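Trainee: Output the structure for:
(one chain, ligands or ions: 1)
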Amino acid sequence: MNILVINCGSSSLKYQLINSDTEAVLAKGLCERIGAEGSVLNHTPAGGDKVVIESPMPNHTQAIQLVIDALTNDAHGVVKSLDEIDAVGHRIVHGGEKFASSVIINEEVLAAIEECNDLAPLHNPANLIGINACKEIMPNVPMVAVFDTAFHQTMPEKAYLYGLPYKYYENYKLRRYGFHGTSHDFVSARAAEILGKKREDCKIIVCHLGNGASISAVDHGKCVDTSMGLTPLEGLIMGTRSGDMDPAIIEFLANKEGLNITEITKILNKESGVYGLSGGISSDFRDLSAAMDEGNALAKATLETYAYRVAKYIGSYVAAMNGVDIIAFTAGIGENDVRVRSMIGQYFNYLGCSINPEKNDVHGKETIISNEGDKVTVMVVPTNEELAIARETVRLV
Ligand code: ADP
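Mentor: Alright, predicted model coming up:
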């Protein structure tokens, strides 16, 4: 089967066409500036060069039409017609408590996703627009919704409740949900598989360290805790997100800087994290590492603070699971940043393991980076959210 995987944002749309039999990516691309001037589609067929298609995209329906045109184009297309697209898998950010697994999209599901809009006002409406655009252009192709939150729905009450008046949970479903679920699921399953073990027999901690970052504790196949909360702002220090902090900081900053809550929330999401902490050097870890090499003390302090937070979360999940067998690093930083992995590994002595400097010199490749005979296996396991969505789509259709 050929599965079109769609990740739709408010002004962008990422896609991959995946052959589910071979799991090969036939083509991938990105529409940018949808609904604005200068919209552009970057389309790359497998084994071919990137094609840049500049064409107006007043809305997402037009963007999807351009994607279909690119996929079926005589010169740079990879299929003959729309008939060769068997199903569409949509990445949906928030499934609330309604969705603990992927589902085939129908009217009822659309209404239920819409009910979660309050929980993810920036993401879910855009995801829905993507679904509706596909429905318009390919009404007879089955579609599946794969939720970022679903894998974490196995978290017990003690992990998902906040220490807030219970009525807010009752009234608004205000609780911890977690995100990157597709990645945590994929990486924990793959980590066990690489070691020839069943995930159901292992305690696994997955560190998804990308621009957005989260950690999860996967105990015998089930997620029992994760670091993101009601929104992706909680938990680790990220590229531009603050992660955990004293909530009283909000009032303090409002008074000192004369800001309102919306302005402060924007600072916490877009101007904080390693970007803000480093005094604006960069949110990209390559730049921070280069600055540290040049002797920039704040870049060094930023990376140390980042690594310390990750190490503390790992420690708390070892406590939550009463042990750990596998620690897996994934996503942009987790897969590529040798230095940051090593800085986090400095805190692993109590676990009876350490990161081996030679084995750790690896980028984006499945590798065991701890020593033979260590009590805990530390690994790099590249994530592949698109492939995971394609597999889910095939499973359901
Ligand atoms: P997202 O999907 O959240 O946008 P990614 O998982 O793609 O994020 O991670 C992107 C981040 O990974 C970059 O901002 C950068 O900090 C980091 N990164 C990517 N490549 C490298 C590398 N070779 N060395 C260190 N960090 C890297």
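
Trainee: So is the longest strand seen in the chain next to the ligand?
Mentor: For the chain, the strand with the greatest residue count under DSSP state E is strand 24-32. No. Applying Cβ under 6 Å from any ligand atom, one finds strand 24-32 separated from the ligand by no less than 12.1 Å. C-betas here are computed from N, CA, C, even on glycine.

Trainee: before we move on, what about stretch 364-373?
Mentor: No. Shown here: stretch 364-373 not in contact with the ligand (Cβ under 6 Å from any ligand atom), separated by at least 8.1 Å.

Trainee: same check, this time on stretch 334-343
Mentor: Yes. Using Cβ under 6 Å from any ligand atom, stretch 334-343 reaches the ligand at 336-337.

Trainee: low pLDDT regions in the chain?
Mentor: Applying pLDDT under 70 to the chain flags no residue at all.

Trainee: Point out the other elements, helices or strands, that the longest strand of the chain touches.
Mentor: Contacts defined by 3 or more Cβ pairs under 8 Å, 6 or more residues apart in numbering; DSSP states H and E place strand 24-32 against strand 13-19, strand 40-45, helix 60-72.

Trainee: Compute the inter-axis angle for the very next helix or strand once past the longest one and strand 13-19.
Mentor: I take that to be helix 60-72. Of the helices and strands lying after helix 60-72 in sequence (DSSP states H and E), the nearest is strand 87-92. Strand 87-92 runs at 140 degrees relative to strand 13-19, counting by axes from the mean of the first three to the mean of the last three Cα atoms, to 10 degrees.

Trainee: Is strand 87-92 positioned near the ligand?
Mentor: No. Judged by Cβ under 6 Å from any ligand atom, strand 87-92 makes no contact with the ligand; its nearest approach is 11.5 Å.

Trainee: buried stuff in the host helix or strand of Ala290?
Mentor: Secondary structure assigned from DSSP H and E places Ala290 in helix 285-293. Within helix 285-293, the residues scored as buried using 16 or more other Cβ atoms under 10 Å are 285, 288-289, 291-292.

Trainee: Off-centre distance for it?
Mentor: 23 Å (Cα atoms, centre = their mean, to the nearest Å).

Trainee: what does that helix contact?
Mentor: Applying Cβ atoms under 8 Å, 6 or more residues apart in numbering, the external contacts of helix 285-293 come out as 274, 278, 281-282, 299-300, 302-303, 332-333, 337, 339-340.

Trainee: out of these, which are inside helices?
Mentor: The helices, defined by DSSP state H, take in 274, 299-300, 302-303, 332-333, 339-340 from those.

Trainee: Which two among those residues are spaced furthest apart?
Mentor: Maximum pairwise distance in the ones in helices among the contacts of helix 285-293, criterion Cβ to Cβ, is 20.3 Å, between Lys300 and Gly332.

Trainee: Between these two, tell me which one has more neighbours.
Mentor: Gly332 (19 against 16; other Cβ atoms under 10 Å).

Trainee: which ones are touching the closest residue to that one other than its chain neighbours?
Mentor: Of all residues not flanking Gly332 in the chain, Gly210 sits nearest, at 4.5 Å (Cβ to Cβ, 6 or more residues apart in numbering). The contact partners of Gly210, by Cβ under 8 Å, 6+ apart, come to 239, 331-334.

Trainee: Can you give me the neighbour number for the closest residue to Asn296 other than its chain neighbours?
Mentor: Among residues not flanking Asn296 along the chain, Ile281 sits closest, at 7.1 Å (Cβ to Cβ, 6+ apart). Counted with other Cβ under 10 Å, residues neighbouring Ile281 total 19.

Trainee: was I right about Ile281 contacting Ala301?
Mentor: No. In this structure, Ile281 is not within contact of Ala301 by Cβ atoms under 8 Å, at 11.2 Å.

Trainee: give me the element Ile250 is part of.
Mentor: Using DSSP H and E, Ile250 falls in helix 249-257.

Trainee: and the end-to-end length of stretch 213-226?
Mentor: The straight-line separation of the ends of stretch 213-226 (Cα to Cα, to the nearest Å) is 11 Å.

Trainee: all helices for the chain, in order.
Mentor: Taking DSSP H as the criterion, the chain contains helices spanning 60-72, 107-115, 124-137, 157-160, 166-172, 181-194, 249-257, 261-270, 273-277, 285-293, 297-321, 331-336, 338-345, 385-396.

Trainee: Please identify which of these is closest to Pro357.
Mentor: helix 338-345 (6.9 Å).

Trainee: which other helices and strands contact the closest one?
Mentor: Where contact means 3+ Cβ pairs under 8 Å, 6+ apart, helix 338-345 is packed against helix 285-293, helix 297-321.

Trainee: Can you add distance to Glu366 and give the ones you listed back as a markdown table?
Mentor: Listed next are the helices and strands packed on helix 338-345 as a markdown table, based on distance: least, Cβ to Cβ, whole Å:
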| stretch | distance to Glu366 |
| --- | --- |
| helix 285-293 | 21 |
| helix 297-321 | 20 |
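
Trainee: tell me which parts of this protein are close to the ligand?
Mentor: So far as Cβ under 6 Å from any ligand atom goes, the chain lies against the ligand at 210-212, 239, 283-286, 331-333, 336-337, 363.

Trainee: so which of those residues is the most crowded?
Mentor: Ile333 (25 neighbours).

Trainee: Contact partners for the closest residue to it other than its chain neighbours?
Mentor: In space, and not counting its chain neighbours, Ile333 is closest to Leu209: 4.0 Å by Cβ to Cβ, 6+ apart. Leu209 makes contact with 236, 310, 329-334, 337, 340 under the criterion Cβ under 8 Å, 6+ apart.
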